[in-house]
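A.B. asks: take a look and give me a structure for this.
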Amino acid sequence: MKGSIFSKRSSPSHHSSASDSPSSTPSSRASHQTFSETMMEENLDLAEVIIMACSIDSHRHEEFSSLFVDDRREARRFLDAVSGLQQAMHYYVKLSSSSDKLVRAQNLMQIAIKRLEKEFYVILSANRKNLDSESVSSRSSRASARSSVSDYYHEDEISDEGEESTSTTPPRTPPRGENTEADLAMADLRNIADCMIASGYARECITIYKLIRKSIIDEALYYLGVEKLSQHQMQKMDWNVLEQKIKVWLHAVKIAVKTLFCGERILCDIVFSSSEKIAESCFTEISKDAALRLFSFPEVFGRSKKILSPEKMFRALDLFEAISDLWPEIESIFSHESVAAVRIEAEAALIKLGEGVRIILTQFEAAIQKDSSKTPAGGGVHPLTRYVMNYLVFLADYSGAVSVIMADWSVAAETPLPQAYFSSPTSALADDPCVAAITTRLAWLILVLLCKLDGKAVMYNDVALSYLFLANNLNYVVSKVRNSKLGLLMGPEWISENRLKVSKYLGNYERMGWSKVISSLPEDPMAEISPEQVTDRFERFNAAFEEAYKKQTSWVIPDPKLRDNVKISLAKRVVPAYRIFYNKHRDNYARRFRFGVETIVKYAPEDLNNYLSDLFFAASAGGASTTTTTYDNDTSMSSSCGR
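C.D. replies: Down below sits the predicted model:
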């Protein structure tokens, strides 16, 4: 019986009346009209029975029991009744806008919508856990989410004859699975929304949806720790407190974008699949304010003066990197024009953070050039070298974000030096323009450091010590590059060229520091010379060796491998020639003079090796104890960079 009332067979007379041929007689048209009216009355009567049986007012003293349980046949009958009632209302409106039957149908519709509003609210409220963003967002895409729900709950299946099956056919029971309850709830919400929208009550449905789902988003962001801070509040905040808030935000933004907003986007598309406009409106209303609040945090930080110090730049890069990584999702989720403000806010955050990073790097370079700290005693690694290279190593870890920021930032435009200074080192990644940009910038900052060290080297009174200082510091720079991501950026050629420079510096040190020792021995240790010349050679060697040793016991080579290489090289320069001379002349000298030989021949060849092995271990190996600036504590450098 119900199938004949609510199937599309109930409306052929309505269509035929609109397409009567000119030959149709008035009596036949009246007969058709009477038949249609009879059908509409039956629709109205049956709808009244079903709707009144489910009226909320008639069950106000009973505990509310949802229609959408078990196999949902009762719910399906109710929705079909509302649909049939809507058809009847359209029919009566065409006949007369004030007929008693139209008024009766409108009253029934009010009762039905009241029930559907209650059902919609109850399902949304009762399924907060099942419809959590994580479960919904786990679907691969918005389209697949809609199709999965449709596959489970497609009620209007097509029969073999090409006609739609009657609505008495119960919906298929979905397979058991982890998302069964969520899919059932989404299908119920979608069916109710479709019915209410088709009946002209979209606003009531949307109001309920916005009320519940907006509170879920706001509550989720609250528990994620997202808060809105003004620039004034951020500026007054202690850095340790602000840094902790940044860490909280970095954790929250991934969950918010990938799970929370993505899940709500999918849920809106499913529930309001019959109207893309309504789906967009709902998503905008429930998510726009929360998303703007989320992305205002990095944007305000990018505008604040808190960012303008070297050690804080890495937090700015963390924020920049997080937004950049999530940008495809941000563009997809907030693609509609109604939520364009969210994309604009996220993009503004990237721009402000990028500007802050550029300012810091400019100030960082200026701070290197202006550094006036003393050189460390013993020619060790300068604290400036340690600070700058450790900073650049950390910076290289953010090469992805930094390369984007530096993509259109030319070094040559900011300095008066020749263009040759700005050639990018050859690396495996050099073909990428963005990578080339960061490589050029990093190479330039290293060059600025090395030039500064050249100036500091002349502060030593001993030329040999100046070369040892340059060798120690350049070796430290090369080691930092080789053993970090800087190595990939700078490339093997840069490393090889600068290792060769270290060797040249050490060669100059050995020549300058040990030339007197080496020249005190004859060019040919086996040559025959007089006893007086032997005595003179031993005395000159003793004096030169003692002078070099005494001076260089305070000199340092912090790198163990480099230190061993230098000792081996010195031993090869000094000991073999001395051993030959020693072996040839010591015994003859002892036989002739017998007494006082120890005062002239003071050192055996083995003694020289022992003395050389003791060099370059001075306590001030790091050099920090003799300098006026402690960069590891961010004093001079931080203040010069606008802290």
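
A.B. asks: could you use CA atoms for every contact and neighbour count after this?
C.D. replies: Will do.

A.B. asks: run through who's touching stretch 472-479.
C.D. replies: Residues external to stretch 472-479 that are found in contact with it (CA atoms under 8 Å, 6 or more residues apart in numbering): 379-382, 385-386, 389, 450, 453, 495, 498-499, 502, 557-559.

A.B. asks: closest one to Leu260 out of these, please.
C.D. replies: Checking these against Leu260 with CA to CA, the nearest one is Met389 at 40.3 Å.

A.B. asks: so what's that closest one up against?
C.D. replies: Counting by CA under 8 Å, 6+ apart, Met389 makes contact with 446, 477, 480.

A.B. asks: in those, which residue is surrounded by the most others?
C.D. replies: Within the contacts of Met389, Val477 tops the neighbour count with 23 neighbours, counted by other CA atoms under 10 Å.

A.B. asks: any idea which helix or strand carries that one?
C.D. replies: Secondary structure assigned from DSSP states H and E places Val477 in helix 463-482.

A.B. asks: and that helix, C-alpha only, in PDB?
C.D. replies: These are the backbone C-alpha positions of helix 463-482, laid out as PDB (Å, rounded to 0.1, in the frame of the first residue of the first chain):
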ATOM      1  CA  VAL A 463     103.700  35.000  12.500                       C
ATOM      2  CA  ALA A 464     103.900  31.200  13.000                       C
ATOM      3  CA  LEU A 465     101.200  31.500  15.700                       C
ATOM      4  CA  SER A 466      99.100  33.500  13.300                       C
ATOM      5  CA  TYR A 467      99.300  30.700  10.700                       C
ATOM      6  CA  LEU A 468      98.500  28.100  13.400                       C
ATOM      7  CA  PHE A 469      95.500  30.100  14.500                       C
ATOM      8  CA  LEU A 470      94.200  30.200  10.900                       C
ATOM      9  CA  ALA A 471      94.800  26.500  10.400                       C
ATOM     10  CA  ASN A 472      93.000  25.600  13.600                       C
ATOM     11  CA  ASN A 473      90.000  27.800  12.800                       C
ATOM     12  CA  LEU A 474      89.700  26.800   9.100                       C
ATOM     13  CA  ASN A 475      90.000  23.200  10.100                       C
ATOM     14  CA  TYR A 476      87.200  23.600  12.600                       C
ATOM     15  CA  VAL A 477      85.000  25.200   9.900                       C
ATOM     16  CA  VAL A 478      85.800  22.400   7.400                       C
ATOM     17  CA  SER A 479      85.000  19.700  10.000                       C
ATOM     18  CA  LYS A 480      81.700  21.300  10.900                       C
ATOM     19  CA  VAL A 481      80.800  21.500   7.200                       C
ATOM     20  CA  ARG A 482      81.900  17.900   6.400                       C
END
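
A.B. asks: so how far is that helix from its chain's centroid?
C.D. replies: On the basis of CA atoms, centre = their mean, to the nearest Å, helix 463-482 sits 36 Å off its chain's mean C-alpha point.

A.B. asks: what's the answer for stretch 251-268, then?
C.D. replies: For stretch 251-268, the distance to the chain centre is 16 Å (CA atoms, centre = their mean).

A.B. asks: mind listing residues that contact it?
C.D. replies: Counting by CA under 8 Å, 6+ apart, 132-138, 141-142, 145, 186, 217, 220-221, 224-226, 279-280, 282-283, 287, 294, 322, 326, 329-330, 333 sit against stretch 251-268.

A.B. asks: among the residues you listed, name the ones in strands.
C.D. replies: Judged by DSSP state E, the contacts of stretch 251-268 include no members of strands.

A.B. asks: list only buried entries from the residues you listed.
C.D. replies: Buried by 16 or more other CA atoms under 10 Å: 132-137, 142, 145, 186, 217, 220-221, 224, 226, 279-280, 282-283, 287, 294, 322, 329-330, 333, out of these.

A.B. asks: contacting residues around the residue positioned nearest the centre of the chain?
C.D. replies: With distances taken as CA atoms, centre = their mean, the residue of the chain nearest its centroid is Ala322 (2.4 Å). Counting by CA under 8 Å, 6+ apart, Ala322 makes contact with 250, 253-254.

A.B. asks: what about those, which are in helices?
C.D. replies: Counting by DSSP state H, those place 250, 253-254 in helices.

A.B. asks: Ile518: how many residues sit nearby?
C.D. replies: Neighbours around Ile518, by other CA under 10 Å: 20.

A.B. asks: relative to Leu224, how far out is the closest residue to it other than its chain neighbours?
C.D. replies: With sequence-adjacent residues excluded and distances taken as CA to CA, 6 or more residues apart in numbering, Ile518 is closest to Val574, at 6.2 Å. Going from Val574 to Leu224 by CA to CA, to the nearest Å gives 69 Å.

A.B. asks: again with Ala198
C.D. replies: Per CA to CA, Ala198 is found 38 Å from Leu224.

A.B. asks: which SSE is Pro525 in?
C.D. replies: For Pro525, there is no host helix or strand (DSSP H and E).
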